[in-house]
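Trainee: Quick one, fold the following:
(2 chains, ligands or ions: 2)
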2 protein chains.
Amino acid sequence: MSNEQDLGITASKEHETGDWYAQVVQKAELADYAPMGGFIVTRPRGYALWEAIQDHLDGWFKDSGVQNAYFPMFIPESYLQAEKDIVEGFDPEVAWVTHGGYDELDERLAVRPTSESIITPYISQWVRSHRDLPLRVNQWCSVVRWEATETKPFFRTKEFLWQEGHTAHHDRSDAWDETMLRLDQYERLYTDVLALPPLRGQKPEHDKFPGADTTTTLEVLMPDGKSVQAATSHYLGTSFAEAFDITYLDENEDERTAHTTSWGLSWRALGAIIMTHSDDQGLVLPPTIAPKQVVIVPIWQQDTREEVLGYAEQIRSELAAAGIRVHLDDRDERNPGFKFNEWELKGVPVRFEIGPNEVEDEQVSVVHRPDGETAAEPRENVAETTREHLDTVYAKLYAAAEQHRDENVREAESREEILGTIGQHGGYVKTGWCGTEECEDEIKDQIAAEIVLVPGDEEPIHDSCGVCGESAETTAYFAKSY
Amino acid sequence: MSNEQDLGITASKEHETGDWYAQVVQKAELADYAPMGGFIVTRPRGYALWEAIQDHLDGWFKDSGVQNAYFPMFIPESYLQAEKDIVEGFDPEVAWVTHGGYDELDERLAVRPTSESIITPYISQWVRSHRDLPLRVNQWCSVVRWEATETKPFFRTKEFLWQEGHTAHHDRSDAWDETMLRLDQYERLYTDVLALPPLRGQKPEHDKFPGADTTTTLEVLMPDGKSVQAATSHYLGTSFAEAFDITYLDENEDERTAHTTSWGLSWRALGAIIMTHSDDQGLVLPPTIAPKQVVIVPIWQQDTREEVLGYAEQIRSELAAAGIRVHLDDRDERNPGFKFNEWELKGVPVRFEIGPNEVEDEQVSVVHRPDGETAAEPRENVAETTREHLDTVYAKLYAAAEQHRDENVREAESREEILGTIGQHGGYVKTGWCGTEECEDEIKDQIAAEIVLVPGDEEPIHDSCGVCGESAETTAYFAKSY
Ligand SMILES: [Zn+2]
Ligand SMILES: [Zn+2]
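Mentor: Ligands and ions are numbered 1, 2, ... in the order given. Prediction:
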């Protein structure tokens, strides 16, 4: 068995963020590194978080007319090339299958990097009449992008899990509503489930999804001051429908071209949760997605063992019956201090400590994982009290993340101010922007910050571009980015 | 819009089974063929059936200590080769990734054909003490096997969806119990959910999973007299644990080698459902997994439209509130006959017909999909009555499948009798068997039937081998196989 030093986190979140993150992921048993660079093994504690996200999103998708499907993991090279016609900058950063068994294939197959080019031709076949619209399919799958960067579990991996939704609609208005509906659902996930209040907006023209009319995005600020693209929803206009011939007969039997959308959320969401909420003791999880919401640690001597364990088991079963995910850690071979550390490391949001005093007083001692706050609560109505504590823990995580975000949106009106503010504080700097890529490049070249979003329709906050001084078209949010 | 002729099934199940099956799959909108041979696109109606199977099995797995995880879809060639040490006949019928982007990889990566060789080394890392056992992980994923055969959706595809469970245990007894528990759960799925009573047994020695001590199997008989391997559960002994070094310290701090299992069920289960229950009108589904269990078809003239639709909607909402998956087909542009055909084709188990007479008599007319049996039922307690009808439909499907299976297990005592019986009737022929592969080959060479299972521990039904006449060691079930 490893010693306790090995078990705990030894790096500091504030000063060694990268090492600290890698330790939390591995020591909380969320993921391990795979033998091939760029790949990870998602362990049960990590995969359970992905399942929790799936449960929420998948239910909302189905309630709003989405059906799941499954398309092949391989895409023929010629299909992928077909996208070249509609997008500039097609770049095959993909894994290529060239052989099946001992034989070389006639045509190379790409492991899907995203599935527009194989899904859209089928949508084209399935849509004939206006009655076939809207048509909405989604798949939960993994995709592979052969980008050579350092592996960072859930943030940067060559293979990652995600969902990709693909829809076709009668017209621009319906497709735009769909684009917004999915962005709303992603925002709801981050706000109500992951305790990560996002910023919401669009990508600049030159940073849109290739072929898209509009790419809308959520951005979440990490504790190190960098922004994470947390989900995207694309209004694709008619470009894919024209390239892959999605037409339909309207009520008057006239042929019209459909408008399409696509939208996706990946396991980066897990990276954002881990990175934001966790601390130097290990993983911290919102109770909404924690596999175990409450751990009960009994504290006894030989003569009090029976009554303490009996009382703890009663409470465990009462919580379980109320639908609370609870674990009673009744291991004999570990002392309470070891158990406290272990469950803090693994991110259980609420701990109950139960010893002879609690039994006698008909109470439980409650400890909140994020901040160690304690409370003594009556045994009576313990399930209801527990729910309130879980809500309180959620509210604490949310408030901290919201405060961090709000404190880190700053304004700047000149090139020097943009560079200085990001250099000193990180976070977001908003400024007027003329809309040209050159002005973004000037900042990017000097400090590796880019425009992570522009608000939708609002007036620009300044009259002139913070970089070049020309007339501003919109507000731009600059930030360093994952 | 296609004409009605195109919409319906035009091939006969009895006389053109292959064409008929392909038509049911495509016209009931379960799947389409992909552009690459050997791959299919699983459409929402097909994928929903897979989700229904997942819902059942995944719940049972989790209730019995299994946790889901996700391992990389690629396996380095050297890892796959490591299996060579424990298995004869390693054959890389896999898809090989040789390039990432523009660069050739240093080591080829196999798209996983099964994941023992990547999962077992991690289990080895995670297991230290006897307290870490049993360790059980499962993943729902797709795998690729590059076998060049004609594509048959859900039965024969290069990529297929499945789950693979991998477990490690203290000793033979625990691992054997696990092997049986998973086979029990698969049997429960086929018996209680899919209305496909299976035969249960083991594979002969020479047909075991490579490296396994024992391969246990479920076999389901198709209407064309061929058997489908419906699920397998392998007791792997210590061979994988030795090859990948899964050892643990027992209570006395002695090092011991774990015993492992693996078990899987693929979307062949969907093929077996479709093939067995469906008919010349199209898809037939057990109500347990049908996405819609009841379709309500209103029948009205202009002057009765409002009252009929109102009555139908009341019933729809009452059924929905009771948790029954119901659809009211209120399309104006289709007549009832068209709707009957469409929902028969798509396999809705129970149809309600509601016209002015039903409204007046406060009744519903109920039609069973499998056999067209009709009943008039009172409006009162309609949800309860519906449940009884759904149960009855399930029982009909189960009884038909059970009868087909029982009528098609025949005995034979000689080579000629084995060949003649399978040639004439298909199905299973059971006979005494000496245990040699040569005796199986004799039958296989002549009539392409093989030994699909042997019972576990029972005495052989005959004293001598039906092929060679030597002393019988066990009973063998010969059948042609998918
Ligand atoms: Zn500018
Ligand atoms: Zn023999």
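
Trainee: OK, contacts around the closest residue to A:N138 other than its chain neighbours?
Mentor: Distances taken as CB to CB, 6 or more residues apart in numbering or on different chains place A:G165 nearest to A:N138, at 4.2 Å, with adjacent residues excluded. All C-beta atoms are positioned from the backbone trio N, CA, C, and that covers glycine. Contact analysis of A:G165 by CB atoms under 8 Å, 6 or more residues apart in numbering or on different chains lists A:61, A:66, A:136-138, A:182, A:261-264.

Trainee: Mind telling me which residue of the stretch 1-150 of chain A is nearest ligand 2?
Mentor: A:G101 (33.3 Å; CB to the ion).

Trainee: In contact with that residue, which residues?
Mentor: B:92-94, B:146, B:148.

Trainee: and of those residues, the nearest to chain A?
Mentor: B:W146 (3.8 Å; CB to the nearest CB).

Trainee: Let's test this: mean pLDDT of stretch A:355-370, rounded?
Mentor: Averaged over stretch A:355-370, pLDDT sits at 97.

Trainee: Using CSV, write out the CA atom coordinates for it.
Mentor: What follows is stretch A:355-370, C-alpha atoms only, in CSV (Å, rounded to 0.1, in the frame of the first residue of the first chain):
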residue,chain,number,x,y,z
GLY,A,355,-19.6,9.3,17.2
PRO,A,356,-21.0,8.5,20.7
ASN,A,357,-21.9,12.2,21.3
GLU,A,358,-24.0,12.4,18.2
VAL,A,359,-25.7,9.2,19.1
GLU,A,360,-26.5,10.4,22.6
ASP,A,361,-27.6,13.9,21.5
GLU,A,362,-29.6,12.5,18.5
GLN,A,363,-27.6,14.6,16.2
VAL,A,364,-25.2,14.5,13.2
SER,A,365,-22.1,16.6,12.7
VAL,A,366,-22.1,18.0,9.2
VAL,A,367,-18.9,19.2,7.4
HIS,A,368,-19.0,21.0,4.0
ARG,A,369,-16.2,19.9,1.7
PRO,A,370,-15.5,23.2,-0.1
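
Trainee: quick one, phi/psi of the residue nearest to A:N138?
Mentor: phi -100, psi 140 (degrees, to the nearest 10).

Trainee: what's the answer for the one 3 residues further on, then?
Mentor: A:A168 has phi and psi values of phi -130, psi 140 when expressed as degrees, to the nearest 10.

Trainee: Let me know whether it touches A:T260 as I believe.
Mentor: Yes. At 5.0 Å, A:A168 counts as touching A:T260 under the criterion of CB atoms under 8 Å.

Trainee: the more surrounded of these two?
Mentor: The neighbour count for A:A168 versus A:T260, taken as other CB atoms under 10 Å in any protein chain shown, is higher for A:T260 (31 against 28).

Trainee: so where does the spatially closest residue to the more buried one that is not a sequence neighbour fall, helix or strand?
Mentor: Closest residue to A:T260 apart from its sequence neighbours, by CB to CB, 6+ apart: A:L236 at 4.5 Å. For A:L236, the host element (DSSP states H and E) is strand A:227-237.

Trainee: Give the next helix or strand downstream of that strand.
Mentor: helix A:239-244.

Trainee: Could you list every helix and strand that that next one packs against?
Mentor: helix A:116-126, strand A:259-266 (3 or more CB pairs under 8 Å, 6 or more residues apart in numbering or on different chains; DSSP states H and E).

Trainee: List the buried residues for the helix or strand just after that helix?
Mentor: Moving toward the C-terminus from helix A:239-244, the next helix or strand (DSSP H and E) is strand A:247-249. Residues of strand A:247-249 classed as buried: A:248-249 (neighbour count, 16 or more other CB atoms under 10 Å in any protein chain shown).

Trainee: so which of the contacts of A:G101 also contact ligand 1?
Mentor: Among the contacts of A:G101, no residue is within reach of ligand 1 (CB under 5 Å from the ion).

Trainee: In a markdown table: those residues, plus secondary structure and pLDDT.
Mentor: As requested, the contacts of A:G101 are exported to a markdown table (DSSP: H, G, I helix; E, B strand; the rest coil; pLDDT from 0 to 100):
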| residue | secondary structure | pLDDT |
| --- | --- | --- |
| B:P92 | coil | 70 |
| B:E93 | coil | 89 |
| B:V94 | coil | 94 |
| B:W146 | coil | 94 |
| B:A148 | coil | 73 |
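
Trainee: In the stretch 151-300 of chain A, what residue spans correspond to helices?
Mentor: A:172-188, A:239-244, A:268-277 (DSSP state H, counting those that start in this stretch).

Trainee: residues in contact with the residue of the stretch 201-350 of chain A found nearest ligand 2?
Mentor: Ligand 2 sits closest to A:P291 of the stretch 201-350 of chain A, with a gap of 53.5 Å, by CB to the ion. Counting by CB under 8 Å, 6+ apart, A:P291 makes contact with A:45, A:48-49, A:52, A:325.

Trainee: ditto for A:T386
Mentor: Neighbours of A:T386 in contact, by CB under 8 Å, 6+ apart: A:293-294, A:319, A:322, A:324, A:350, A:366.

Trainee: swap in A:H166?
Mentor: Each residue near A:H166 by CB under 8 Å, 6+ apart is listed here: A:115-116, A:119-120, A:123, A:136-138, A:260-262.

Trainee: for A:A449, same thing?
Mentor: A:418, A:422, A:429, A:443, A:478-481.

Trainee: redo that, cut-off 6 Å
Mentor: A:422, A:443, A:478-480 (CB atoms under 6 Å, 6 or more residues apart in numbering or on different chains).

Trainee: Buried deepest among the helices and strands packed on helix A:239-244, which one?
Mentor: Neighbour counts (mean count of other CB atoms under 10 Å in any protein chain shown) averaged over each of these peak at strand A:259-266, with a mean of 26.

Trainee: ok so, going back, pLDDT of the strand holding A:L236, averaged?
Mentor: Per-residue scores along strand A:227-237 average to 97.

Trainee: by contact count, what packs against that strand?
Mentor: helix A:172-188, strand A:214-221, strand A:259-266 (3 or more CB pairs under 6 Å, 6 or more residues apart in numbering or on different chains; DSSP states H and E).

Trainee: so the second one versus strand A:227-237, what angle?
Mentor: Read it as strand A:214-221. On the basis of axes from the mean of the first three to the mean of the last three CA atoms, to 10 degrees, strand A:214-221 is oriented at 170 degrees to strand A:227-237.

Trainee: ok and strand A:214-221 relative to helix A:268-277, angle-wise?
Mentor: 30 degrees.

Trainee: Tell me the helices and strands packed up against strand A:214-221.
Mentor: Using 3+ CB pairs under 6 Å, 6+ apart: strand A:214-221 touches strand A:199-202, strand A:227-237, strand A:450-453.

Trainee: next one: the longest one
Mentor: If contacts are counted by 3+ CB pairs under 6 Å, 6+ apart, helix A:172-188 sits against strand A:227-237, strand A:259-266.

Trainee: still on that earlier bit, same list (the contacts of A:G165) but as a markdown table, adding pLDDT.
Mentor: Putting those into a markdown table (pLDDT from 0 to 100) gives the following:
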| residue | pLDDT |
| --- | --- |
| A:F61 | 98 |
| A:V66 | 98 |
| A:R136 | 98 |
| A:V137 | 98 |
| A:N138 | 98 |
| A:R182 | 98 |
| A:T261 | 98 |
| A:S262 | 97 |
| A:W263 | 98 |
| A:G264 | 98 |
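
Trainee: Looking at those, which one is closest to A:S12?
Mentor: Distance to A:S12 across the contacts of A:G165 (CB to CB) is lowest for A:G264, with 33.8 Å.

Trainee: out of the helices of the stretch 151-300 of chain A, deepest packed?
Mentor: helix A:268-277 (a mean of 25).

Trainee: so what does it touch, helix or strand wise?
Mentor: Judged by 3+ CB pairs under 6 Å, 6+ apart, helix A:268-277 is in contact with no other helix or strand.

Trainee: got a list of contacts for it?
Mentor: With contacts defined as CB under 6 Å, 6+ apart, helix A:268-277 is touched by A:21, A:49, A:53, A:154-155, A:194, A:196, A:220, A:222, A:228, A:284, A:397, A:401.

Trainee: angle of whichever helix or strand A:D55 is part of against helix B:44-63?
Mentor: Per DSSP H and E: A:D55 is located in helix A:44-63. Helix A:44-63 and helix B:44-63 are oriented at 140 degrees to each other (the same axes, to 10 degrees).
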